[in-house]
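Colleague: Fold the following and give me the result.
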Amino acid sequence: MVNTCVDLLGIELENPVMAASGTFGYGYEFADLYDINILGSFSFKGTTQAPRFGNPTPRIAECESGMLNSVGLQNPGVDKVIKEELPKLKKCFHKPVMANVSGFSIDEYAYTCEKLDEEEQVGWIEVNISCPNVHGGGMGFGTDAKTAAEVTRAVKSVTKKPIIIKLTPNVTDIASIAKACEDAGADGISLINTLLGMRIDLKSKKPILANKMGGFSGNAVFPVALRMVYQVYEAVDIPIIGMGGISCAEDVIEMMLAGATAVQVGAANLVNPFACRDIIKELPNAMEKYNIDSLSGIIGAAHQAHK
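Modeller: Below you'll find the predicted structure:
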């Protein structure tokens, strides 16, 4: 009998598979399709202090082995999330959930995190300093180690729950930014957010996305995500949540060997709404195939094997 349980910052997950923010709504949308309590957990839709309508359309462009999105953090704002979305979620999901927070200033990040920190069902707060699809915020905070650390310190000063900083891959040295966040008090790191990309319509000869550029995700980004998780694992001593192109149980195992304690599945949910469920069901067979008794025992094992 294999053991799929992992401990993520003091909370035990039945398995390491989580749905990524922005691909799973507030959970209840998927609860009509299957029992979402099969998940380790999930990160709900990115939440900001004030409501956001998001970017103009078109916001989505298809690519080979992936997709571009430029949704732009559309959400009803933190007060409405707490008042309306979380009570609906509580009816169908009975485990701790991960809140995902974005902002356009350090004060805004702190305000939204402080509000969500008071919510009983929130187990962790994932602070997104890496969204490539908004102007004047998001990724701007995550491309510089100093500002990443400033956001981390600000949200840690007003929260009690574990803070996980979500990093952008659109940088030269992601490990140094992760280390700066750890030094500033981050409890965990999640990576990667999407890679900046674009498509051009050959008929109109204009960018397909109204925002011109967007975040590239899907199977094609997996090797980049894996490499960055591997590098960050060598730089920090806090747990890592790995994401980027995960679409099967073997990807989960590979990401954990690179150093992830848990993983998030993103774009695969948009291709197949049962993706997380299917991966979780595949995991025990994949573990047996590769002679793995316990997933917690393989975290970072590729580093020991290399040495």
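Colleague: For this structure, just list every one of the helices.
Modeller: 28-31, 78-80, 86-92, 106-117, 145-156, 174-183, 222-235, 249-258, 267-271, 275-289, 301-306 (DSSP state H).
Colleague: And the ones you listed: which comes nearest T57?
Modeller: helix 267-271 (16.3 Å; CB to CB). Using the backbone N, CA and C atoms, a C-beta is placed for each residue, glycine as well.
Colleague: Which other helices and strands does that closest one contact?
Modeller: The contact analysis (3 or more CB pairs under 8 Å, 6 or more residues apart in numbering; DSSP states H and E) places helix 267-271 against strand 66-69, helix 275-289.
Colleague: and the residue nearest to A301 when sequence neighbours are not counted, how many neighbours?
Modeller: In space, and not counting its chain neighbours, A301 is closest to L257: 5.2 Å by CB to CB, 6 or more residues apart in numbering. L257 has 22 neighbours, counted by other CB atoms under 10 Å.
Colleague: do you know how far the nearest residue to Y233 once chain neighbours are set aside is from K91?
Modeller: Leaving aside its chain neighbours, Y233 sits nearest to G259 (2.7 Å; criterion: CB to CB, 6+ apart). To K91, G259 is 36 Å away according to CB to CB, to the nearest Å.
Colleague: close enough to count as contact, the residue nearest to A301 and L295?
Modeller: No: with contacts counted by CB atoms under 8 Å, L257 stays clear of L295, the gap being 10.3 Å.
Colleague: still on that earlier bit, out of the helices of the chain, which gets nearest to G40?
Modeller: That would be helix 275-289 among the helices of the chain, by CB to CB, at 8.1 Å.
Colleague: and the closest one, C-alpha only, in PDB?
Modeller: Output of helix 275-289 as PDB, limited to C-alpha atoms (Å, rounded to 0.1, in the frame of the first residue of the first chain):
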ATOM      1  CA  ALA A 275      -7.500  16.500 -14.900                       C
ATOM      2  CA  CYS A 276      -6.800  16.800 -11.100                       C
ATOM      3  CA  ARG A 277      -9.100  13.900 -10.300                       C
ATOM      4  CA  ASP A 278      -7.500  11.700 -13.000                       C
ATOM      5  CA  ILE A 279      -3.900  12.500 -11.900                       C
ATOM      6  CA  ILE A 280      -4.800  11.700  -8.200                       C
ATOM      7  CA  LYS A 281      -6.300   8.300  -9.300                       C
ATOM      8  CA  GLU A 282      -3.100   7.600 -11.400                       C
ATOM      9  CA  LEU A 283      -0.700   8.400  -8.600                       C
ATOM     10  CA  PRO A 284      -0.700   5.000  -6.700                       C
ATOM     11  CA  ASN A 285      -0.100   3.000  -9.900                       C
ATOM     12  CA  ALA A 286       2.700   5.400 -11.000                       C
ATOM     13  CA  MET A 287       4.300   5.100  -7.500                       C
ATOM     14  CA  GLU A 288       4.300   1.300  -7.700                       C
ATOM     15  CA  LYS A 289       5.700   1.400 -11.200                       C
END
